[in-house]
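Novice: here is the input, now give the coordinates:
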Amino acid sequence: MESESKFKEWLQKAVDKLNEQSWFQEGKGKWDELDPQSKTYLKFAGVGLSVLFVLGLLINAVWSVHSLKSELLEKRALLTLVQSATDELRHLRETIPSAASSSGTETSGWNAYFETTAGSAGVEKSSLSIQGEKTGSSTEQSKEQLFELGLKHVNLKQIVRYAFMLESGQRPVKLRNLTIDTKGDHSGYLDASLAVSAFTLVTPK
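Specialist: Have a look, this model is predicted:
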């Protein structure tokens, strides 16, 4: 009861202070000058604005929740993708100690090597494209060639296995960049682009 009494006292002081404000007195005077019909219209307009304000807050809250939910789903999908790739790499390390030991020899061309390695990784020849062969840096020990390897309509395990087998095979290949296009669907099939450096060892004369 005491807290209720204090609240009423505070509320009365607030009302008294408001009544002392000049702008409030001017507004009250203008309100009193209005006819009953105008007052009714203004009351309805005030109620309408209040309803619109509340609806705006509700729509904004719903949109925020939707955005957060979409972001959460995207992060979960990405986490699943990363976890799947990690599991696949672990499996490869445990079961394929020399992943591409029979994927080609130093005397074969790079295109043939990439195709043979793709076959060992379970990637069909029709899904692999080899482009952008360029000459990279050279040293006394090796010559570098740059390639863009494209994979079409493959799954994540095939991509990870192919990348792993390229880097751990008999021939020196370094993965420079890996780009995966999920194609915005949930079919499980992806497109990928692998930028690789292929090194040919220079035989001492």
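Novice: quick one: the strands in the chain, in order.
Specialist: Applying DSSP state E to the chain gives strands spanning 128-138, 142-154, 173-181, 190-201.
Novice: just give me how far stretch 156-167 sits from the chain centre.
Specialist: Counting by Cα atoms, centre = their mean, to the nearest Å, stretch 156-167 is centred 22 Å from the centre of its parent chain.
Novice: report pLDDT for the residue most central in space within the chain.
Specialist: In the chain, the residue lying closest to the centroid (Cα atoms, centre = their mean) is residue 74, at 6.3 Å. Looking at residue 74, its pLDDT is 71.
Novice: what do you get for residue 118?
Specialist: At residue 118, pLDDT is 93.
Novice: ok, now how distant is the residue nearest to the centre of the chain from residue 80?
Specialist: The gap separating residue 74 from residue 80 is 11 Å, by Cβ to Cβ, to the nearest Å. Where you see a C-beta, it was placed from the backbone N, CA and C, and this is true even at glycine.
Novice: quick one: the helices in this protein, in order.
Specialist: Taking DSSP state H to define them, one finds helices in the chain at 2-19, 22-33, 36-95, 110-120, 156-168.
Novice: give the other helices and strands that the shortest one contacts.
Specialist: Of the remaining helices and strands, those touching helix 110-120 by 3 or more Cβ pairs under 8 Å, 6 or more residues apart in numbering; DSSP states H and E are strand 128-138, strand 142-154, helix 156-168.
Novice: what of the last one?
Specialist: With contacts defined as 3+ Cβ pairs under 8 Å, 6+ apart, the secondary structure elements packing on helix 156-168 are helix 36-95, helix 110-120, strand 142-154, strand 173-181, strand 190-201.
Novice: would you mark the buried spots in it?
Specialist: 156, 157, 158, 159, 160, 161, 162, 163, 164, 165, 166, 168 (16 or more other Cβ atoms under 10 Å).
Novice: and the fourth one, by the same measure?
Specialist: Residues of helix 110-120 classed as buried under the neighbour-count rule (16+ other Cβ under 10 Å) are 110, 113, 114, 115, 116, 117, 118, 120.
Novice: tell me how far the nearest residue to the third one once chain neighbours are set aside lies from residue 119.
Specialist: Using Cβ to Cβ, 6 or more residues apart in numbering and skipping the chain neighbours, the partner closest in space to residue 114 is residue 130 (5.7 Å). Using Cβ to Cβ, one obtains 14 Å as the distance from residue 130 to residue 119.
Novice: end to end on stretch 163-178, go ahead and measure it.
Specialist: Taking Cα to Cα, to the nearest Å, stretch 163-178 runs 9 Å from one end to the other.
Novice: that one: how far from the chain's middle?
Specialist: Distance, centroid of stretch 163-178 to centroid of chain: 26 Å (Cα atoms, centre = their mean).
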